[in-house]
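**Q** okay, sequence plus prediction incoming.
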Amino acid sequence: MVRAFYLAYAALCYAIFFATFLYLIAFVGNLPFVQPTVDFAREAPPGRTILIDAALILLFGAQHSVMARPAFKAAWTRIVPAPIERSTYVLFASAALVILMLFWHELAAPVWTVTNPVGAALLWALFGLGWLIVLTSTFLINHFELFGLQQAWFALRERAAAPPVLRQPFFYRFVRHPLYAGFFIAFWATPVMTVGHLLLAAGMSIYMLIAIRLEERDLIDVFGEAYAGYRRRVGMLVPRVGRR
C-alpha cells in the first residue's frame with residue numbers, strides 16, 4: 001500500500017509539473033487565453049517591480065539548485081522516502097514557478113518590437129522550437145526518471161535502478177545541455193521584448209549558467225574522466241565547430 005501511494009503521489013506531482021510547464025509557455029509567450037503573463041501582470045512602481053521580480057527569480061533559482069545538490073538530497077531523504085524524493089523536488093520546483101508567475105509584476109516599456117511579418121514569424125517559430133527542444137531533451141535522457149515517476153514505479157515493482165550511464169543521444173552529441181539551450185531560445189525569442197520580459201530572460205539566463213556549472217561539477221563526481229572528456233569535446237550550449 002505504501003509503494004502504491006508513492007506511485008500515486010509521483011503521478012500527482014508529475015501532473016502538477018506538466019500543467020505548470022504548459023502555463024509557463026503561455027506566460028512567457030503572452031498568449032491571450034491566460035493571465036497573468038510576463039507583460040500582463042501586477043503593477044507597481046518600477047523600482048519596486050524590479051526588486052520583486054528579481055526576488056522571485058532568485059527564489060526559483062535557489063530552490064532549483066539547492067534541492068538538486070547531492071548533499072541536500074542525502075539529508076533530505078532522511079525525511080522524504082527515496083522513491084519520492086525526486087517527485088517532491090519536482091513539486092517544490094513547480095510551486096516556486098507558480099509563485100513566480102502569480103506574483104510577477106509587469107514592466108511594459110518596449111526594448112525592441114519586430115513589426116515585419118516575416119521577422120515576427122521567425123521569432124515565433126524560434127520560440128516554439130525552444131520549447132520543443134526542452135521537452136525533447138527530457139525524453140532523450142529519461143523523461144520519467146527526471147520527473148520522479150520511474151523511481152516510484154521501480155519501488156512498486158521492487159526493482160533497483162540501473163547504475164547511471166553517460167549517454168549522448170541526438171542533441172547531446174552536439175551540445176552538453178540542450179535542455180538549457182532550449183530554454184535560452186524560448187526566453188529570448190520574441191518579436192516584442194519589454195523591460196519585464198528582458199528582466200525575466202536575463203535573470204533566468206544567469207541562473208541557468210550558474211546551474212550548469214553546479215550540475216557539471218556533480219556529473220564529474222559521478223562519471224569522472226568520461227564526463228571531463230565529453231566536456232572538452234562538446235560545446236556547452238552551442239556546437240563546437242571544427243573540434244573533436
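**A** Cool, the structure landed.

**Q** so who does residue 73 touch?
**A** 67, 85 (CB atoms under 8 Å, 6 or more residues apart in numbering). Placement of C-beta: from N, CA and C, glycine included.

**Q** quick one: the helices in the protein, in order.
**A** For the chain, the helices defined by DSSP state H occupy 2-29, 46-66, 70-76, 85-103, 117-141, 143-146, 149-156, 178-188, 195-223, 225-233.

**Q** for stretch 136-155, C-alpha coordinates in CSV please.
**A** Extracted in CSV, the C-alpha atoms of stretch 136-155 (Å, rounded to 0.1, in the frame of the first residue of the first chain):
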residue,chain,number,x,y,z
THR,A,136,12.5,16.5,-26.5
SER,A,137,15.7,16.7,-24.4
THR,A,138,13.9,15.4,-21.3
PHE,A,139,12.9,12.3,-23.2
LEU,A,140,16.3,11.8,-24.7
ILE,A,141,17.9,11.4,-21.2
ASN,A,142,14.9,9.7,-19.5
HIS,A,143,11.9,11.9,-19.0
PHE,A,144,10.2,9.7,-16.4
GLU,A,145,13.2,9.4,-14.2
LEU,A,146,13.9,13.2,-14.5
PHE,A,147,10.4,13.9,-13.1
GLY,A,148,10.2,11.2,-10.5
LEU,A,149,7.8,8.6,-12.0
GLN,A,150,10.4,5.9,-12.7
GLN,A,151,11.6,5.9,-9.1
ALA,A,152,8.1,5.4,-7.7
TRP,A,153,7.3,2.7,-10.3
PHE,A,154,10.5,0.8,-9.5
ALA,A,155,9.7,1.0,-5.8
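
**Q** how far does that stretch sit from the chain's center?
**A** 15 Å (CA atoms, centre = their mean, to the nearest Å).

**Q** one more: stretch 231-244?
**A** 22 Å.

**Q** count the neighbours of residue 108 for me.
**A** Look at residue 108: counted by other CB atoms under 10 Å, it has 14 neighbours.

**Q** now it: closest residue in space, sequence neighbours ignored.
**A** residue 194 (5.3 Å; CB to CB, 6 or more residues apart in numbering).

**Q** hey, what's the one you found bridged with?
**A** Beta-bridge pairing for residue 194 (DSSP bridges): residue 110.

**Q** which residues sit in contact with it?
**A** If a contact means CB under 8 Å, 6+ apart, then residue 194 has 38, 39, 106, 107, 108, 109, 110, 111 as its contacts.

**Q** now it: how far from residue 53?
**A** If you measure residue 194 against residue 53 using CB to CB, to the nearest Å, the figure is 12 Å.

**Q** mutual contacts of these two, please.
**A** In contact with both residue 194 and residue 53: residue 107, using CB under 8 Å, 6+ apart.

**Q** leaving out sequence neighbours, find the closest residue to residue 102.
**A** Once flanking residues are discounted, residue 102 sits nearest to residue 36: 7.1 Å by CB to CB, 6+ apart.

**Q** let me know the pLDDT of the one you found.
**A** Note for residue 36: predicted pLDDT of 97.

**Q** pretty sure it contacts residue 27?
**A** Yes. If you go by CB atoms under 8 Å, residue 36 and residue 27 touch, sitting 7.2 Å apart.
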